[in-house]
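Student: Need coordinates for the below:
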Amino acid sequence: MTSKPPALLPRGQGEWLITNGRGGYAMVALDGACRQTHHALLVMPTRPPLQRVLLVRQLEEAVFVNGNWKSFSSDPTPSAQSQPRIEFLDEGVMPHFKISVEGIVIRKYLWMPQNGQGLFVRYEMAKKRSTRLRVTPQICFRDLETGTPLAETYLVRPHTTGIHLYGDPNEKPCAISANRAGVLYPVNSWKTLQLFDPATNAWQSEEVYLPAAFEFNLQAGQEVTLMLQLESGAKLDNENEMTDADILFNLEKERRLQQEHELSQVFSHQPIRNLALNGASFIIERTTAMTQNSRTILAGYPCLTDAGREAMIALPGLLLPTKQFGLAKEVFAHFLKHVHHGLIPHYFSSRPETPNYASLDATLWMFAAIYEYWQASQDHAYLEEIYSLLLEILQAYLRGATPGFKLDAEDGLLFSDERRHPMTWMNAQAGEWQATPRHSKAVEVQALWYNALRIMAAFSEKLGKTEGFNRCSEYAERTAKSLAHKFWCDAAGHLYDCLIDTSIIQTGVVNAGMPSNDNAVAVGDPTCRANQVIAVGLPFNVFSTEQTRAVIDWAMKKLVTPYGLRTLSPDHPAYCGEYIGSPKRLAAARHNGCVYPWLVLPFTRAYMKLYDNPRAVYELFKPLFDDTEKHCAGHLAEMYDGDSPHHPRGASAYAASSGAILQSWQILQGKAI
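Tutor: Numbering: from 1, shown residues only. Next up is the predicted model:
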């Protein structure tokens, strides 16, 4: 690992994400280069959407001008001279790159056919000049999850219009083909790239394989398209099929034009419309042992799977404003079919393994999402269809059948008795060390539990289920009294973050092996975190107007940033302002200072009920509403540094961030912005 001068660090370098609806993607910088460790030109799942593999790191591109080959592949090192001008143009139907090299102008388009297994790269010559184009793929077969190289050497088999690349002769090849005749030169060489890792703030070396170079003569106004696919590519061997790329290009333009038209009817604000347009990237097909070709919501790119909490936070904003009710029901069905002991999956594995259920709140977020769905669709038939299953889930909570937590019979609150693994959304770990142990009774969990009970009472009333209404209302009332009474901290002037059983606390660790102490008491943790904003910003709020105002005022003073809410007040000794460093440092920063855009949603809901001032909310979070192209074009990151200038961290594109901002915008709709 080598270091580079600070001036070369690509912080703030924008990115562009392209997806295929099956978990595959391409992610590059806005100058077309792969500069960071998570950048790649072709990542495909070998068992969609499972087991994603990096296949092509990037393309080395050059044009022949004035008797020399001039590269227009970006070079991050200071030795690069006479750099071409590369512009990312998010205009018209298809975003693309405009490349200018000594008077030659080429437009470069990248797209992925939906539900296909490849990337198409189209080069269009301007009408005034002719040139020769050379493109050399840089190959690196690597397991995306582990980072493990999957090949030490490669087998290259030429065919009519390109090559097949094998890391293993018994596996599927990566096929690289062209839609027009050219010259294919064997290269059989290696190159070392320097890629920046934003988490460690350091550069890493990576060897890539250069199998062959494609060379084309391009006359003025001509085009050529390269197709990079995880398929046999057999149909491309036939010269009669060489027009496929043109057909797919036009189909993609028509698809995007139709999407743009439909979204313009819902979102008049262009940055928000871009966010909604790219929100489709998270909706993918998922096949499991319980479901065939169902739809789910991927938590984020580049390497997250589908997760219950993130899907349920994202769904109302991604699907309901555009009335994609059928798709929303598919996502609900996907998670409901995997209910286990009253829990939907915390996340699905990227391998063909059993889902993980270590989440206390993911299922409770599902109740809130279904409530939002019902409010938007008024689909009473769907409520009738799933009512019994939802009631069984609540009964599992009430009986204590859910693993990892139980219901306190005295106060009606949920408490976590799982000490080895964190069960709330603040679940960062490094080895066995838990960065934010919040065992026993967490404030947002109790608020979500209360909401689930109130929601089921509302469903029961609507469907005429008298017994269900009475029971859910009774439990909700008891929970509300305990929540309002036990979680208010007079000394701090806001809510406790959690009530902690003193029998399981040691300095900095959770005593996983010690049995509970019968004489232990629950003590309140007055730490100022964003969880109390969640508690007052759900559809049903047990706290008084004065208490809610105090929470929001505290959030305004300590937690609010232009990119969302901090997870911890900066004046707390555990606060970490930057998400950089060792694994323990990263785990500590994740929920002890990092800013999350999705927390804007509960803040917006609570703030609007208090002040009914959409302009104020808009001004507080203006970059999220107005500048959705700054980092990853058309997307928002998973989190940002707590300290200014708030660099993006974690997943470059995060479903919960996009969904929450879209829903927040909907809450502000009809108000004067």
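
Student: pLDDT weak spots in the stretch 151-300 of the chain?
Tutor: Within the stretch 151-300 of the chain, the ranges that satisfy pLDDT under 70 run 232-243, 288-293.

Student: show me where it has helices.
Tutor: Per DSSP state H, counting those that start in this stretch, the stretch 151-300 of the chain carries helices over the ranges 244-264, 270-279.

Student: And the stretch 301-450 of the chain, by the same measure?
Tutor: Under DSSP H, counting those that start in this stretch, the stretch 301-450 of the chain gives helices at 308-319, 325-336, 362-377, 380-399, 443-463.

Student: TSV for those helices, including distance to Glu546 and mean neighbour count?
Tutor: Glycine gets a C-beta too; all of them are placed from N, C-alpha and C. Formatted as TSV, the helices of the stretch 301-450 of the chain follow (distance: least, CB to CB, whole Å; neighbours: other CB atoms under 10 Å):
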stretch	distance to Glu546	mean neighbour count
helix 308-319	28	28
helix 325-336	36	20
helix 362-377	25	22
helix 380-399	30	16
helix 443-463	17	24
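
Student: just so I know, which of the ones you listed lies nearest His646?
Tutor: With CB to CB as the measure, helix 308-319 is the member of the helices of the stretch 301-450 of the chain nearest His646 (20.7 Å).

Student: list the helices and strands the closest one packs on?
Tutor: Here helix 308-319 touches helix 270-279, strand 294-297, helix 325-336, helix 362-377, helix 655-668, going by 3 or more CB pairs under 8 Å, 6 or more residues apart in numbering; DSSP states H and E.

Student: Using PDB, list the CA coordinates for that helix.
Tutor: C-alpha atoms of helix 308-319 as PDB (Å, rounded to 0.1, in the frame of the first residue of the first chain):
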ATOM      1  CA  GLY A 308     -35.400  -5.500   5.800                       C
ATOM      2  CA  ARG A 309     -34.900  -2.200   7.600                       C
ATOM      3  CA  GLU A 310     -33.500  -0.400   4.600                       C
ATOM      4  CA  ALA A 311     -36.200  -1.800   2.300                       C
ATOM      5  CA  MET A 312     -39.000  -0.700   4.500                       C
ATOM      6  CA  ILE A 313     -37.600   2.800   5.100                       C
ATOM      7  CA  ALA A 314     -37.000   3.200   1.300                       C
ATOM      8  CA  LEU A 315     -40.200   1.700  -0.100                       C
ATOM      9  CA  PRO A 316     -42.700   4.500   0.600                       C
ATOM     10  CA  GLY A 317     -40.600   7.100  -1.100                       C
ATOM     11  CA  LEU A 318     -39.400   5.000  -4.000                       C
ATOM     12  CA  LEU A 319     -42.700   3.400  -5.000                       C
END
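
Student: Distance from that helix to the middle of the chain?
Tutor: In terms of CA atoms, centre = their mean, to the nearest Å, the centre of helix 308-319 is set 11 Å apart from its chain centre.

Student: repeat for stretch 578-586
Tutor: 20 Å.

Student: Equivalent analysis for stretch 585-594, please.
Tutor: For stretch 585-594, the distance to the chain centre is 18 Å (CA atoms, centre = their mean).

Student: what's the spacing between Phe249 and Arg107?
Tutor: According to CB to CB, to the nearest Å, Phe249 stands 12 Å off from Arg107.

Student: between those two, who's got more neighbours?
Tutor: Using other CB atoms under 10 Å as the criterion, Phe249 and Arg107 rank with Phe249 on top: 20 against 17.

Student: that older thread, for Asp31, find the nearest of the helices of the stretch 151-300 of the chain.
Tutor: Proximity to Asp31, assessed across the helices of the stretch 151-300 of the chain by CB to CB, is greatest for helix 270-279 (19.5 Å).

Student: Can you tell me which helices and strands that closest one packs against?
Tutor: Counting by 3+ CB pairs under 8 Å, 6+ apart, helix 270-279 packs on helix 244-264, helix 308-319, helix 622-626, helix 655-668.

Student: Now do the strands in the stretch 51-200 of the chain.
Tutor: 68-71, 85-89, 96-101, 104-111, 118-125, 131-143, 155-159, 162-166, 174-178, 183-197 (DSSP state E, counting those that start in this stretch).

Student: In the sheet, which strands lie alongside the fourth one, parallel or antiparallel?
Tutor: Strand 104-111 has the following sheet partners, assigned by DSSP bridges: strand 96-101 (antiparallel), strand 118-125 (antiparallel).

Student: how much distance is there from the shortest one to the middle of the chain?
Tutor: Averaging C-alpha positions (CA atoms, centre = their mean) puts strand 96-101 29 Å from its chain's average.

Student: Ok, stretch 209-216 next?
Tutor: A distance of 34 Å separates the centroid of the chain from that of stretch 209-216, by CA atoms, centre = their mean.

Student: Ok, stretch 304-315 next?
Tutor: The answer for stretch 304-315 is 8 Å, by CA atoms, centre = their mean.

Student: cool, and stretch 355-369?
Tutor: In terms of CA atoms, centre = their mean, the centre of stretch 355-369 is found 17 Å from the chain centre.

Student: what does stretch 631-643 give?
Tutor: 10 Å.

Student: so who does the closest residue to Val65 other than its chain neighbours touch?
Tutor: Nearest residue to Val65, sequence neighbours excluded (CB to CB, 6 or more residues apart in numbering): Glu102, at 5.0 Å. Contacts for Glu102 (CB atoms under 8 Å, 6 or more residues apart in numbering) come out as 65-66, 70.

Student: export these to a markdown table and tack on neighbour count, pLDDT and distance to Arg134?
Tutor: Formatted as a markdown table, the contacts of Glu102 follow (neighbours: other CB atoms under 10 Å; pLDDT from 0 to 100; distance: CB to CB, whole Å):
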| residue | neighbour count | pLDDT | distance to Arg134 |
| --- | --- | --- | --- |
| Val65 | 15 | 88 | 12 |
| Asn66 | 8 | 86 | 15 |
| Lys70 | 17 | 90 | 10 |
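
Student: out of these, who's nearest Phe367?
Tutor: Taking those together and measuring to Phe367 by CB to CB, the closest member is Lys70, at 59.1 Å.

Student: close enough to count as contact, that closest one and Glu61?
Tutor: No. Applying CB atoms under 8 Å, one finds Lys70 not in contact with Glu61, separated by 9.9 Å.

Student: returning to what we had before: next one: the residue nearest to Val65, what pLDDT does it get?
Tutor: Here the pLDDT value assigned to Glu102 is 86.

Student: Distance of it relative to Arg134?
Tutor: From Glu102 to Arg134 the distance is 15 Å (CB to CB).

Student: in this protein, which ranges drop under the pLDDT threshold?
Tutor: Filtered on pLDDT under 70, the chain yields the residue ranges 1-13, 74-83, 91-92, 232-243, 288-293, 352, 501-522, 670-673.

Student: just the strands in the stretch 501-650 of the chain please.
Tutor: In order along the chain, the stretch 501-650 of the chain carries the following strands (DSSP E, counting those that start in this stretch): 505-506, 509-510, 522-525, 560-561, 564-566, 595-596, 639-640, 648-649.

Student: Out of those, the one nearest His39 is which?
Tutor: That would be, of the strands of the stretch 501-650 of the chain and by CB to CB, strand 648-649, which comes in at 13.8 Å.
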